[in-house]
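Trainee: just need the structure, nothing else, for what follows:
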Amino acid sequence: MMPDLTRLYPNHAVRALDGAYLAHELRERGTPQAPFIYTNFISSVDGRIAQRDPDTGRYGVPRSIANDLDWHLFLELAAQADAVVTSGRRLRELAARGRSLRCVPDLARANYAAWRRARDLPPFPACIILSATLDLPYDALRGLEHDELVILTTTQPTPEQRAALDAAGASYVQVADRVRGAAVRELARQRGYRTLYSIGGPKVFHTLAADGALHRLYLTLSHRLLAGDDYDTVLAGPMLQPPVTLTLHELNLLAASDDAAQMLLASYDVATQVMQG
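Mentor: Okay, the predicted model is just below:
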């Protein structure tokens, strides 16, 4: 049985963890002409969202803060998405670990599948992959069940890459210079997506935030200190000018459990950065 949340802001209340993020009704906030774009991270108090594994050299969410309760909320956000946005790096890391390359495989669970089916949504969101190099695990991508698989890139595919994309059932959109948040937003408009969920890490987050394409940040703060030298933080990239100002949308406290420390669950709306039309 899942524990309850204590809501601290905007008003004090005790509520169920199950359904807490579904209740935000993100699909009501977006339209095909103006998609709602959001992202989510879990972090230690000292700012670690990912650390390098000393044995494999790969980055991943630190085991000491990863937990089933936060993952449940991750999936509630994914269930509401028409598409998820990720990176070529994430797909390469999943393939290297022998993991499923379906962007959010756990949405096949009965409760999420029923939630999407009741809203006439396909079983899985589309997957938008940002890749500057088109260096992707094409063999592992073949046969995956996606509504759509779209690569957003600055690279002209070689004939071999184009054949591999076709075999994987993927399309691609080439943009000039570099992949920007505006290109992600325009791709969503062209395909009629109402909601986009960014799960690609700190560089994808920067791509969206720097271009005024982000609407909401979900941040789980696990009350643990980790330290260590090889790690990722929430945001990575050139300094944001002007900085992006956030306003607190909601704040919840989750008590410690057998496999998780006490956690604060915060959601923030983008406040001062002008959303480009």
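
Trainee: measure the spatially most distant residue from the centre of the chain to Leu165 for me?
Mentor: Within the chain, Pro159 marks the point farthest from the mean C-alpha position, 30.8 Å out by CA atoms, centre = their mean. The gap separating Pro159 from Leu165 is 11 Å, by CB to CB, to the nearest Å. All C-beta atoms are positioned from the backbone trio N, CA, C, and that covers glycine.

Trainee: okay, and Gln241 sits in which element?
Mentor: Counting by DSSP states H and E, Gln241 is held by no secondary-structure element, helix or strand.

Trainee: what's the burial count for it?
Mentor: Number of residues near Gln241 (other CB atoms under 10 Å) recorded here: 6.

Trainee: which residues touch it?
Mentor: For Gln241, no residue meets the contact criterion (CB atoms under 8 Å, 6 or more residues apart in numbering).

Trainee: next one: it from Asn40, what distance?
Mentor: For Gln241 relative to Asn40 (CB to CB), the value is 25 Å.

Trainee: per-residue pLDDT, Tyr21?
Mentor: You'll see Tyr21 listed with a pLDDT of 98.

Trainee: again, but for Gln51
Mentor: In this prediction Gln51 is given a pLDDT of 92.

Trainee: what's opposite it in the beta bridge?
Mentor: The partner list for Gln51 in beta bridges (DSSP bridges) reads Gly60, Tyr231.

Trainee: cool, and Asn40?
Mentor: Beta-bridge partners, per DSSP bridges, of Asn40: Tyr218.

Trainee: OK, contacts around it?
Mentor: Applying CB under 8 Å, 6+ apart, one finds that Asn40 lies in contact with 73-74, 77, 197-199, 217-220.

Trainee: go on, Ile199?
Mentor: Taking CB under 8 Å, 6+ apart as the definition of contact, the neighbours of Ile199 are 39-40, 78, 84-86, 90, 103-104.

Trainee: swap in Ala183?
Mentor: Ala183 is in contact with 152, 173, 175, counting by CB under 8 Å, 6+ apart.

Trainee: looking at this, it is in a helix?
Mentor: Yes. Checked against DSSP: H, G, I helix; E, B strand; the rest coil, Ala183 lies within a helix.

Trainee: before we move on, back to that, so which of the contacts of Asn40 sits lowest on pLDDT?
Mentor: In terms of pLDDT, Ile199 ranks lowest among the contacts of Asn40, with 93.

Trainee: ok, it to Leu208 distance?
Mentor: From Ile199 across to Leu208, the span is 12 Å (CB to CB).

Trainee: what touches both of those two?
Mentor: With contacts defined as CB under 8 Å, 6+ apart, the residues adjacent to both Ile199 and Leu208 are 39, 85.

Trainee: next, count neighbours for the spatially closest residue to Ile65 that is not a sequence neighbour.
Mentor: Counting by CB to CB, 6 or more residues apart in numbering, Ile65 lies nearest to Ser222, which is 3.9 Å off, once chain neighbours are set aside. The burial count assigned to Ser222 is 24, neighbours taken as other CB under 10 Å.

Trainee: ditto for the one 5 residues further on
Mentor: Counted with other CB under 10 Å, the neighbours of Ala227 add up to 9.

Trainee: quick one: secondary structure of it?
Mentor: With three-state DSSP as the basis, Ala227 sits in coil.

Trainee: ok so Arg117 is a helix residue?
Mentor: Yes. When the secondary structure is assigned by three-state DSSP, Arg117 falls within a helix.
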